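generate a structure from the sequence data that follows.
(chains A and B)
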Amino acid sequence: MSGPTMPLWEVFIRSRNGLAHKHVGSLHAADATLAVQAARDLYTRRNEGTSIWVVPSSAITASDPNDKGMMFEPAESKVYRHPTFYDIPDDVGHM
Amino acid sequence: MQTGSITVADQPLLRFVLQRADDALVLGHRLSEWNGKAPLMEEEMALSNMALDLIGQARALYTYAGEVEGVGRDEDAYAYLRDERAYLNVLLVEQPNGDFAVTIVRQMLYAAFIEPYWQRLMASTDATLAAIAAKAQKEAAYHLRHSAEWVIRLGDGTDESHRRAQDALDLLWPFTGELFEVSDAERSLLASGVAVDPAPLRAVWRETVSRVVADATLTLPADGWMQRGGREGRHSEYLGHLLTDLQYLQRSHPGATW
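A predicted model of the protein is given here:
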């Protein structure tokens, strides 16, 4: 069921404190309140999360797949941007 | 494993535990009947989740009933081998699913009662019941939130959803009085603090339901004749059909396991 009364929402779940909310999928719901509840019922059944964000899919502006070459390929040759030339101390934890 | 129906001992604590367990199992079974048929996929999961919460509560309570009775019966014996007249659930929870409005209004009416009930039973002098109540209270709080939000949207939605929600409320209202009845078994457990008196919860329940109904632009039905009898095993015509479905496998293939 979709259409104007059942818009699409993108769901973001934070699995535990200190981590970022991560996109897990989408769902249809009449409004934001029911979208959070549906997200809880669909995406946290197996202890996946401690926090939920929902965002109307229509609020997301995405890059154009046709622009892939100009958008992303220039980064491929810049290996020096990866922090792989030094060791991260274990104490730092998640970065 | 025994194949015929069992008769359970007439013991207050056992009867009390079975009352609570039967409410949970029968309502959980009703919700599970939506599997594959819910109006939208998101709500199918929500109904299944609530069903699993309720069946989980029933399992814990039946297991405890087995300890209380002490004749070696497990949760399956109480669920699958008792006849209709031995079931002690209130009539509200066995009422058919009807349309989505009936299901969600039934859920709201029950959750608005059982959430504060579990809250109070958490202080039971019976440690097992207190622990079961603590787990069930959180589940019931979500059931209440979810069903109340839906009632509000159905009532304050389209002309058709408003009509269906009001019809559901009017249909189920006569079954709400039984929630606050004190059974003989329950009464004998009040003094020791094992059970809690459901009667004073009526005011809390009414406040919750009135707020939801008002937000939903629905009309609260007048309190008239109230249906009763479930706590003594006198059920509506629907429970027997439900049990034939629920008990079929164990009755036909006694002791069948996965």
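
going forward, measure contacts and count neighbours with C-alpha atoms only.
Fine.

chain B versus the spatially most central residue of chain A, what's the distance?
The residue lying closest to the centre of chain A (Cα atoms, centre = their mean) is A:H23, at 2.4 Å. Using Cα to the nearest Cα, to the nearest Å, one obtains 17 Å as the distance from A:H23 to chain B.

excluding its backbone neighbours, what's nearest that residue?
A:F12 (4.3 Å; Cα to Cα, 6 or more residues apart in numbering or on different chains).

for the stretch 101-250 of chain B, which residues are neighbours of chain A?
Contacts of the stretch 101-250 of chain B with chain A, taken as Cα under 8 Å from any Cα of the partner chain, map to B:146, B:149.

the stretch 101-250 of chain B: helices as residue ranges?
Remark: helices assigned in the stretch 101-250 of chain B by DSSP state H, counting those that start in this stretch are B:127-155, B:159-172, B:184-187, B:201-215, B:238-252.

coming back round to it: tell me the secondary structure at the residue nearest to A:H23.
strand (DSSP: H, G, I helix; E, B strand; the rest coil).

again, but for A:V54
strand.

who's it bridged to?
The partner list for A:V54 in beta bridges (DSSP bridges) reads A:V11.

any idea how far the residue lying closest to B:P221 once chain neighbours are set aside lies from B:Y78?
Spatial nearest neighbour of B:P221, excluding adjacent residues (Cα to Cα, 6+ apart): B:D170 at 6.1 Å. B:D170 sits 33 Å away from B:Y78, going by Cα to Cα, to the nearest Å.

in CSV: the helices of the stretch 101-250 of chain B, plus mean neighbour count and mean pLDDT.
Shown next, in CSV, are the helices of the stretch 101-250 of chain B (neighbours: other Cα atoms under 10 Å in any protein chain shown; pLDDT from 0 to 100):
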stretch, mean neighbour count, mean pLDDT
helix B:127-155, 20, 98
helix B:159-172, 18, 98
helix B:184-187, 17, 92
helix B:201-215, 17, 98
helix B:238-252, 15, 95
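
list the buried ones in the worst-scoring helix or strand of chain A on mean pLDDT?
Within chain A, no helix or strand scores below helix A:68-76, which has a mean of 90 by mean pLDDT, DSSP states H and E. Counting neighbours by 16 or more other Cα atoms under 10 Å in any protein chain shown, one finds that helix A:68-76 has no buried residues.

tell me which element residue 46 is part of?
Went with chain A since none was named. Using DSSP states H and E, A:R46 sits in no helix or strand.

could you do chain B instead?
helix B:41-69.

for the helix or strand just after that helix, what is the distance to the chain centroid?
Downstream of helix B:41-69, the first helix or strand assigned by DSSP H and E is helix B:75-80. In terms of Cα atoms, centre = their mean, to the nearest Å, the centre of helix B:75-80 is set 17 Å apart from its chain centre.

what mean pLDDT does the helix or strand following helix B:75-80 get?
Moving toward the C-terminus from helix B:75-80, the next helix or strand (DSSP H and E) is helix B:91-94. Across helix B:91-94, pLDDT averages out at 98.
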